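Visitor: Just need the structure, nothing else, for what follows:
(chains A and B, ligands or ions: 1)
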Amino acid sequence: MKVGLFIPCYVDQFYPKVAVATLELLEKLDCEVVFPLNQTCCGQPMANSGFASLSEGCDKNFVANFGEVDYIVSPSGSCVLHVKEHLHDQDEIKASHIRRHIYELTEFIVDVLKVENITASFPYKVGMHISCHGQRGLHLSSMSELSAPAFSKPAYLLNRVKGLQLSEPKRVDECCGFGGTFCVFEEAVSVKMGKDRITEHALNEVEYITGVDVSCLMHLEGILKRQGSKVKTIHIAEILNSH
Amino acid sequence: MNPKNFNRLFFEPIQGATLSHSEAAEIFNKDEARTDWHDETLWFVREKRDKAVRQISEWEQLRTLGSDIKDHTLSNLDNYLTEFEKNAQANGIKIHWAIDAEEHNEIILRIIREQKVHQVVKSKSMLTEECHLNDFLSQRGVEVVDTDLGERIVQFRNEPPSHIVLPAIHLKKQDVSETFHEHLGTEKGNNDPQYLTEAARQHLREKFIKSQLAITGVNFAIASTGGFVVCTNEGNADMGAHAAKIHIACMGIEKIIPKAEHLGVFLRLLARSATGQPITTYSSHFHQPRAGQQMHIIIVDNGRTKQLGRPDFRSSLKCIRCAACFNTCPVYRRSGGHSYHTAVAGPIGSILNPNLDMKANADLPFASTLCGSCSNVCPVKIDIHVQLYKWRQELVSEGYTATGKKVAMKGMAFVLSHPSIYRIAGKMGRWMMRAFPFIMNNKSINPWYKQRDMPEAPKQSFRDWYKKNKQ
Ligand code: SF4
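Guide: From the prediction side, this is the model:
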């Protein structure tokens, strides 16, 4: 099974450790992983700003890089959702293959690889941040608004990590306020939303906040650091790849 | 550069004279304790809603039913409206059609003048807010008294409602006490809700008794019977309509439902979604004028047919105005209804208002993280967050965007379509800084850095690591 690793541009530049952890984890789980070197971005920053019309070149490049692999996997629910919902190209056969075979990391591990045991060990108190696009878009977990049975793919995996104590904030799935360019358009509300998430996690005395989206974690990390907090953020791939 | 100017250049769609949502929200957030209070008050309503919907196992089916009935009705709106008109007229109700807010207001003024009415009471109707009826009438010397408690409070304060179900939710009891002290002569500093409510009751009772004409909204108009239903918790619509010799009910064309039996779906959806009640305290059915009374219904378009003609946005007309999307919205709860500078605020307002005026409301679809919680609570399954995204595309393609942003986005699109340029740009470590404004280490012009630290730049990118270690 050939897996193309899609690493969003800001992860490539600022969080290479998340990309390395994702790659190593997938290899541990017996996947043949390739990282197409000419990849750039999914085009979401433009599309969410109202400039989806400019994303043609970006889409074309995405198809050129990922049209040939069996699956595309990424440590970012938000980017995956964007590709799933909006990727189009002159080569619609390839574009549709990509749309149907792109997965966020944890859903790939749970739904495609059907992994039941995780060998990782992470003896810390960890708070789960549910990222909206992964949850409400990709259905990685149940949603508090709906009257439906509870489930969570990320928590399913984290609960198999040795020593890890998982906790949920009081409002289990409220948005952290990152929201792409929202974080700068609407700076005041964005930061307030992030602070409120952090306050709830702090009440649980967590040592780490984890999630499936680097962007949300980057936003929370920025606030935590400014507050001088001891709480750290860590991407779920880094936990699942720890030993 | 002043951060405001920077923001305008790059991030803010073109605005009129009013503050944009983000500017108003920034002011709202200056008082953090009050923001917390506002957030928690509305979250409490959201939680009540959660409990209420979990009490009935068929909730999600009910939502699907509600959504389907509304879809069907919107596709056959012309037929249902004329059926409603015919049946209502047969019941002795006078039907008026208004193409826009102005015509709606003129019709009411004409009735008031013809009937030589001086005292008007009005129960809550978001349509009359949308049409700015109060201002229109008061400029023409007609006093309208809002009889919903929350609406009366904001009316005293000369403010618009900040929420479509809880109009004065932005006010604390201390604020209400001060307002009542000023307008009703209640004891200064007495914040007891019961005392204040009693004062309002006495005040309103007198208005009800003296009123000659009562205006109400309409929650549901039933095509097959020609009757309509008004839902309130205070009974003020009934007090008004029963005391006055003229009753005018105002409705948007989308308030129609085909049959009376559909109320069994919508009344349940509405009350649970709005306040977590199984049913509103008063669900009043009006079918015909009583002896000696006149009953009018004004059916208003005001942009609705235009929205119906927009394939991406027509389903916004399914809205039953429950405000569940307000209560769940993390942005609404932390910015308050007035930041939306429109009669209908919140997520639904942000997809309805650009239809009425794109230029003035170009900021609203951006006042969201697109988290999607609104679409999940919506009892008629409007895909609100998808429409927010689509309005952004629409606004940009119609040219309602700042030049700086357009230039920045074009630059970004160019780099991202050319891997070799992207790589060089990345290596220089400069491109990201320009493309993503949050990576500028400058507190005064960079909105990211104001209250957040930057991510630390690592020694090598993943790409470099991969080339070194895996190739
Ligand atoms: S859009 Fe849906 S949730 Fe919002 S007010 Fe309308 S019916 Fe209620």
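Visitor: which residue sits closest to the residue lying farthest from the centre of chain A in space, ignoring its chain neighbours?
Guide: Within chain A, the residue lying farthest from the chain centre (C-alpha atoms, centre = their mean) is A:Q90, at 28.0 Å. Once flanking residues are discounted, A:Q90 sits nearest to A:K60: 7.6 Å by C-beta to C-beta, 6 or more residues apart in numbering or on different chains. Glycine gets a C-beta too; all of them are placed from N, C-alpha and C.
Visitor: Enumerate every residue touching that neighbour.
Guide: Taking C-beta atoms under 8 Å, 6 or more residues apart in numbering or on different chains, we find A:K60 in contact with A:D89, A:Q90, B:S417.
Visitor: try B:K255
Guide: Counting by C-beta under 8 Å, 6+ apart, B:K255 touches B:V218, B:N219, B:F220, B:A221, B:F228.
Visitor: what do you get if the cut-off is 7 Å, keeping everything else the same?
Guide: By C-beta atoms under 7 Å, 6 or more residues apart in numbering or on different chains, B:K255 lies in contact with B:V218, B:F220, B:A221.
Visitor: and A:H201, what element?
Guide: If you go by DSSP states H and E, A:H201 is part of helix A:187-203.
Visitor: which residues are contacting that helix?
Guide: Here helix A:187-203 has contacts from A:127, A:129, A:169-171, A:174-179, A:182-183, A:209, A:219-220, A:223-224, A:231, B:25-26, B:29, B:35, B:330-331, B:334-335, B:447, B:450-452, using C-beta under 7 Å, 6+ apart.
Visitor: thinking again about what came up before, next secondary structure after the helix or strand encompassing the residue nearest to A:Q90?
Guide: Per DSSP H and E: A:K60 is located in helix A:56-66. Using DSSP H and E, the helix or strand that follows helix A:56-66 in sequence is strand A:71-74.
Visitor: Quick check: buried residues in that following strand?
Guide: For strand A:71-74, burial by neighbour count (16 or more other C-beta atoms under 10 Å in any protein chain shown) applies to A:Y71, A:I72, A:V73, A:S74.
Visitor: what angle separates the helix or strand just after that strand from helix A:56-66?
Guide: Next in sequence after strand A:71-74, counting helices and strands by DSSP H and E, comes helix A:77-86. Helix A:77-86 and helix A:56-66 are oriented at 100 degrees to each other (axes from the mean of the first three to the mean of the last three C-alpha atoms, to 10 degrees).
Visitor: Same question for helix A:77-86: list its buried residues.
Guide: Applying 16+ other C-beta under 10 Å to helix A:77-86 flags A:G77, A:S78, A:C79, A:V80, A:L81, A:H82, A:V83, A:K84, A:H86 as buried.
Visitor: which residues touch the next helix or strand after it?
Guide: As assigned by DSSP H and E, the chain's next helix or strand after helix A:77-86 is helix A:92-101. Residues from elsewhere that reach helix A:92-101 (C-beta under 7 Å, 6+ apart): A:V63, A:F66, A:G67, A:D70, A:Y71, A:I72, A:V83, A:K84, A:L87, A:H88, A:D89.
Visitor: what angle separates helix A:92-101 from helix A:56-66?
Guide: 70 degrees.
Visitor: What average pLDDT does helix A:92-101 get?
Guide: The average pLDDT within helix A:92-101 is 96.
Visitor: and if you look at stretch A:181-197?
Guide: On average, stretch A:181-197 scores 94.
Visitor: Same check on stretch B:109-123?
Guide: On average, stretch B:109-123 scores 95.
Visitor: Alpha carbons of stretch B:77-86, as CSV, please.
Guide: Extracted C-alpha coordinates of stretch B:77-86, given in CSV (Å, rounded to 0.1, in the frame of the first residue of the first chain):
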residue,chain,number,x,y,z
LEU,B,77,-44.2,28.8,-2.4
ASP,B,78,-46.4,30.5,-4.9
ASN,B,79,-49.1,27.9,-4.7
TYR,B,80,-49.1,27.8,-0.9
LEU,B,81,-49.2,31.5,-0.6
THR,B,82,-52.2,31.9,-2.8
GLU,B,83,-53.9,29.0,-1.1
PHE,B,84,-53.2,30.7,2.2
GLU,B,85,-54.6,34.0,0.9
LYS,B,86,-57.7,32.4,-0.4
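Visitor: which other residues reach it?
Guide: Applying C-beta under 7 Å, 6+ apart, the contact partners of stretch B:77-86 are B:T73, B:I95, B:A221, B:A223, B:S224, B:G226, B:I253, B:I256, B:P258, B:I299.
Visitor: And the residue nearest to B:H181 when sequence neighbours are not counted, its phi and psi?
Guide: Nearest non-adjacent residue to B:H181, counting by C-beta to C-beta, 6+ apart: B:K188, 5.0 Å away. With angles defined as degrees, to the nearest 10, B:K188 sits at phi -70, psi 130.
Visitor: Kindly report the same for B:G227.
Guide: The phi/psi pair for B:G227 (degrees, to the nearest 10) reads phi -100, psi 170.
Visitor: Bridged to it, which residues?
Guide: Listed beta-bridge partners, B:G227: B:I222 (assigned using DSSP bridges).
Visitor: how many neighbours does it have?
Guide: B:G227 has 19 neighbours, counted by other C-beta atoms under 10 Å in any protein chain shown.
Visitor: right, and it touches B:P289 too?
Guide: No: in this structure, B:G227 is not within contact of B:P289 by C-beta atoms under 7 Å, at 11.8 Å.
Visitor: care to break chain B down by domain?
Guide: Following automatic domain parsing, one gets these domains for chain B: B:8-48+B:312-397, B:88-302, B:418-470.
Visitor: Quickly compare the ones you listed and say which is most buried.
Guide: Of the domains of chain B, the one with the most neighbours on average (mean count of other C-beta atoms under 10 Å in any protein chain shown) is domain B:8-48+B:312-397, at a mean of 22.
Visitor: remind me which residues of chain A are low pLDDT?
Guide: Within chain A, no stretch has pLDDT under 70.
Visitor: Domains in it, by residue range?
Guide: A:2-112, A:125-240.
Visitor: Could you point out which of the ones you listed sits nearest the ligand?
Guide: domain A:125-240 (10.3 Å; C-beta to the nearest ligand atom).
Visitor: End to end on that closest one, go ahead and measure it.
Guide: Domain A:125-240 has an end-to-end distance of 15 Å (criterion: C-alpha to C-alpha, to the nearest Å).
Visitor: Model confidence for B:W59, exactly?
Guide: Listed pLDDT for B:W59 reads 97.
Visitor: quick one: it and B:A52 touch, right?
Guide: No: if you go by C-beta under 7 Å, B:W59 and B:A52 don't touch, sitting 9.1 Å apart.
Visitor: Next one: stretch B:229-242, is it in contact with the ligand?
Guide: No: residues of stretch B:229-242 contacting the ligand under C-beta under 6 Å from any ligand atom: none, with a closest distance of 13.0 Å.
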